[in-house]
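S.K.: Sharing a model prediction with you, sequence too.
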Amino acid sequence: MATTVNDAIRVNIRALREARGWSQSQLSARLRATGLCTWSPSVVALVEGGRQRADRIIDAAALCAVFGITLGELIHTNEPVQGADTVPPGVIALAIEGKALPPNLAALPDDAPHDLDRIARLMGLDRNQFTMLLYDVFQVYSFTALRDRRAGLVASHQHTDKESTTRARRGHATRSILAELQARLDRDGIEAVVARAGVRLMEENRRSRKHDREQLAGEWALADRVYDNELDEALDGHDPENNQ
């Protein structure tokens, strides 16, 4: 679920204030000492309750100074950040740290390719590694299905939207997904992703074998019952008492 910069800030304001044992009045006093005269205790309450904004750069700067934190810590969130567009947390983190998107992502065109081999090569992976990474982050195997769902495209939209609009939406969704994949790759490395995929595959195989054994046992039990019934019928047919 996406959030906004303002919501991320207000949630963090309350958490930071409570972690320091400050009341809303104490936070107000500290903010007003920086020159933010409008930040009365009631304004702090309104901001924390989501009824007043706190995402002006001057407010953010004063809050960072008062709490002794970075801007990245003030707007930290694990959710995608939504404004006119939706931006993944990894992109926000890169911006705050003054880092650029990797060239392979920044140069991706709007009509982004959906050929998995080409997309995988953009990230320095092969197709299998890319699929493992995709499942590791999103628990899906289909990149195109995820992309179209992220882009808000359904069958009816694809017939009514202009081709250029569809390409743009798919391109934006592709860049967003790849940024999140790249963040996981940078954090854990492909070796850890592949290792987790191996463990998951073994578990899936174990469950599959258990299901097969249970299914086979059921089929054998059914076959035994059929055989017993046929045997009983055959014996009954040869019973002298029944033939009289």
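M.R.: Right, received. Where do you want to start?

S.K.: What's the local residue count around Asp59?
M.R.: 20 (other CB atoms under 10 Å). The way it works is simple: take the backbone N, C-alpha and C, and place the C-beta from them, glycine included.

S.K.: Now that it has come up, it's in contact with Gly35, right?
M.R.: No: taking contacts as CB atoms under 8 Å, Asp59 lies outside contact range of Gly35: 11.1 Å.

S.K.: Just the strands from the protein, written as ranges.
M.R.: 81-82, 86-87 (DSSP state E).

S.K.: Rounded mean pLDDT for the first one, please.
M.R.: Spelled out, it's strand 81-82. If you average the pLDDT over strand 81-82, you get 64.

S.K.: For the residue nearest to Gly152 when sequence neighbours are not counted, the count of nearby residues, please.
M.R.: Once flanking residues are discounted, Gly152 sits nearest to Arg169: 6.8 Å by CB to CB, 6 or more residues apart in numbering. Arg169 has 19 neighbours, counted by other CB under 10 Å.

S.K.: going forward, begin numbering at 688 instead of 1
M.R.: Taking 688 as the first residue, the last one we looked at is Arg856.

S.K.: the domain parsing of this structure - what is it?
M.R.: 692-771, 790-898 (automatic domain parsing).

S.K.: Put together JSON lines for those domains, with distance to Arg912 on each row.
M.R.: Listed next are the domains of the chain as JSON lines, based on distance: least, CB to CB, whole Å:
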{"stretch": "domain 692-771", "distance to Arg912": "55"}
{"stretch": "domain 790-898", "distance to Arg912": "21"}
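
S.K.: Can you say which of those domains is nearest to Gly905?
M.R.: Proximity to Gly905 (CB to CB) singles out domain 790-898 among these, at 10.6 Å.

S.K.: In the protein, what helix or strand scores lowest on average pLDDT?
M.R.: helix 842-847 (a mean of 45; mean pLDDT, DSSP states H and E).

S.K.: Spit out the contact partners of Ile700.
M.R.: If you count contacts by CB atoms under 8 Å, 6 or more residues apart in numbering, Ile700 has them with 714, 731, 734-735, 741, 750.

S.K.: What is the nearest of the residues you listed to Val692?
M.R.: When the contacts of Ile700 are ranked by distance to Val692 (CB to CB), Ala741 comes first, at 9.5 Å.

S.K.: Next, count neighbours for the residue nearest to Asp835 when sequence neighbours are not counted.
M.R.: Nearest non-adjacent residue to Asp835, counting by CB to CB, 6+ apart: Arg857, 7.0 Å away. Applying other CB under 10 Å, we find 21 residues neighbouring Arg857.

S.K.: so Ile756 makes contact with Ala702?
M.R.: No: Ile756 sits out of contact with Ala702 when judged by CB under 8 Å, with a separation of 11.2 Å.

S.K.: ok, and the closest non-adjacent residue to Leu872?
M.R.: In space, and not counting its chain neighbours, Leu872 is closest to Leu820: 6.3 Å by CB to CB, 6+ apart.

S.K.: confidence score at the one you found?
M.R.: Leu820 carries a pLDDT score of 88 in this model.

S.K.: Low-confidence ranges, this protein, go.
M.R.: Counting by pLDDT under 70, the chain contains low-confidence ranges at 688-689, 767-802, 840-851, 888-889, 891-899, 903, 906-911, 913-931.

S.K.: if we go to 50?
M.R.: Scanning the chain with the threshold set as pLDDT under 50 gives 771-772, 791-801, 842-847.

S.K.: And the helices in it?
M.R.: Chain-ordered helices for the chain, with DSSP state H as the definition, fall at 692-706, 711-720, 728-735, 744-754, 758-761, 776-783, 790-793, 803-809, 814-825, 830-837, 842-847, 850-925, 927-930.
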